[in-house]
Structure formats: structure tokens, C-alpha cells
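Peer 1: Have a look; sequence and predicted model below, questions after that.
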Amino acid sequence: MTEVLLALLAGLIVGVLFSAIKLPIPAPPVLSGIAGIVGIYLGAQGYQWIAEKFFS
């Protein structure tokens, strides 16, 4: 839980800094960003499942 809160705090600080100096936010659009994160997570879980099923 601490990692999640620290990541959120870091994101908030970066968002404020980028907005203060009028730069675009360094993040992908909301929906595609979430889809990318979910895809990475599912890919990692799928690899673990495949490795356990076929290579152990």
C-alpha cells in the first residue's frame, strides 16, 4: 500500500510541476494508458501461467 501511495504522490507532484511550467502532461491519453497497463499485467500473468503449465 505504501508503494501505491508513494506512486500517487510522485504523480501528483509531476502533474503540478508540468502544469506550472505549462508543459503537456507526460502521460498517454486516459483510456489507452489504462488499456496498456492492463495489457502489460495480463501479459505477465499469462507468461507465468504458460511457464508453470508447460515448463515445470
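Peer 2: Perfect, thanks for sending it.
Peer 1: residues near Gln48, how many?
Peer 2: The criterion is other C-beta atoms under 10 Å. On that basis, Gln48 has 10 neighbouring residues. Just so you know, the C-beta spots here come from the backbone N, C-alpha and C atoms, and that holds for glycine as well.
Peer 1: ok, now how distant is it from Val38?
Peer 2: Distance of Gln48 to Val38, given as C-beta to C-beta, to the nearest Å: 16 Å.
Peer 1: Also Ser32?
Peer 2: Separation of Ser32 from Val38 (C-beta to C-beta) stands at 11 Å.
Peer 1: List the contacts of Gly15.
Peer 2: If you count contacts by C-beta atoms under 8 Å, 6 or more residues apart in numbering, Gly15 has them with Ile25.
Peer 1: from now on call the first residue 2
Peer 2: Sure thing, new numbering starts at 2, so read that last one as Gly16.
Peer 1: For it, what is the enclosing helix or strand?
Peer 2: In this structure, Gly16 sits in helix 3-21 according to DSSP states H and E.
Peer 1: quick one: buried residues of the helix or strand that that helix is followed by?
Peer 2: Using DSSP H and E, the helix or strand that follows helix 3-21 towards the C-terminus is helix 31-56. Of the residues in helix 31-56, none are scored as buried under the neighbour-count criterion (16 or more other C-beta atoms under 10 Å).
Peer 1: any idea of the mean pLDDT for helix 31-56?
Peer 2: The average pLDDT for helix 31-56 rounds to 91.
Peer 1: Now the nearest residue to Gly37 once chain neighbours are set aside: phi and psi?
Peer 2: Ranked by C-beta to C-beta, 6 or more residues apart in numbering and with sequence neighbours excluded, the top spatial neighbour of Gly37 is Pro29, at 6.7 Å. Note on Pro29: backbone dihedrals following degrees, to the nearest 10 are phi -70, psi 160.
Peer 1: Over to Leu24?
Peer 2: phi -110, psi 160.
Peer 1: tell me the phi and psi of Ile26?
Peer 2: Backbone torsions for Ile26, taken as degrees, to the nearest 10, come to phi -70, psi 130.
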